[in-house]
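Trainee: Structure for the following, please:
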Amino acid sequence: MRGFHFSKFDSNQEGKTPFEKLLDIFMQLLTYTSGDVGEALEWLNELDKQYQLTDGEYGMGDFIEDLKQKGYISEDQQKGEIKITPKTEQGIRKKSLEEIFGKLKKSRQVIIKPSSQVRATRSIQKPGLFNSGICWSRSTSPSPSVMPRSITG
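Mentor: Next comes the predicted model:
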């Protein structure tokens, strides 16, 4: 009978390419830097120095070239600026939404169909302390009717 077998952690077994790993971190850094590509790349370089995110096969230069080729960043030759593209903006939004709503379970949708004899009507009232100014009431007659509600005090 064999017990537990421990081995050294291999980051390549996660199923992500080096580009995908760096892209995840880069997207997070873009969020923190409000879309400033230069600052996000500086931070990514510092993280690479500290945690050895890249190796001899795939470096930061390769990552930046892949970002340009895959349309995540664009370089303005005249101004010398590197900017994010709409593709990157969409990716940031998508990741944020997945982070917020990704763990929610999908529930089945319930559709409530109103009866043909019941109508919702609206009346405008003077806003007061406990009154928003709009009153919704139900009417059983085929024509809409207004039944104002008021709070007496």
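
Trainee: Okay, Thr88 and Ser74: tell me how far apart.
Mentor: Note on Thr88: its distance to Ser74, by C-beta to C-beta, to the nearest Å, is 9 Å. (Glycine included, C-beta is placed from N, CA and C.)

Trainee: Strands along the chain, start to end?
Mentor: Ranges of strands in the chain, per DSSP state E, are 73-76, 81-84, 119-124, 134-139.

Trainee: now for the second one, which elements pack on it?
Mentor: In terms of contact count using 3 or more C-beta pairs under 8 Å, 6 or more residues apart in numbering; DSSP states H and E, strand 81-84 is assigned the packing partners helix 37-51, strand 73-76.

Trainee: I'd like the ones you listed as JSON lines, with mean neighbour count appended.
Mentor: Shown next, in JSON lines, are the helices and strands packed on strand 81-84 (neighbours: other C-beta atoms under 10 Å):
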{"stretch": "helix 37-51", "mean neighbour count": "15"}
{"stretch": "strand 73-76", "mean neighbour count": "14"}
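
Trainee: Leu30: what's it in contact with?
Mentor: Applying C-beta atoms under 8 Å, 6 or more residues apart in numbering to Leu30 gives the contacts 36-37, 40, 84, 88, 92.

Trainee: What pLDDT does the model give it?
Mentor: The score at Leu30 is 95. That number is its pLDDT.

Trainee: got it, and Lys106?
Mentor: Note for Lys106: predicted pLDDT of 66.

Trainee: Specify which member of the contacts of Leu30 is nearest to Asp24.
Mentor: Among the contacts of Leu30, Ile92 lies closest to Asp24 (C-beta to C-beta), at 11.2 Å.

Trainee: For that closest one, the count of nearby residues, please.
Mentor: Neighbours of Ile92 under the rule other C-beta atoms under 10 Å: 16.

Trainee: Report the contact partners of it.
Mentor: 27, 30-31.

Trainee: And Gln78, how close does it get to His5?
Mentor: 58 Å.

Trainee: And Lys68, by the same measure?
Mentor: 43 Å.

Trainee: Of the two, which one has the most company?
Mentor: Legend: neighbour count by other C-beta under 10 Å for Lys68 and His5, higher for Lys68 (13 against 5).

Trainee: what sits against the nearest residue to the more buried one once chain neighbours are set aside?
Mentor: Distances taken as C-beta to C-beta, 6 or more residues apart in numbering place Glu75 nearest to Lys68, at 6.6 Å, with adjacent residues excluded. By C-beta under 8 Å, 6+ apart, the contact set of Glu75 is 68, 81-83.
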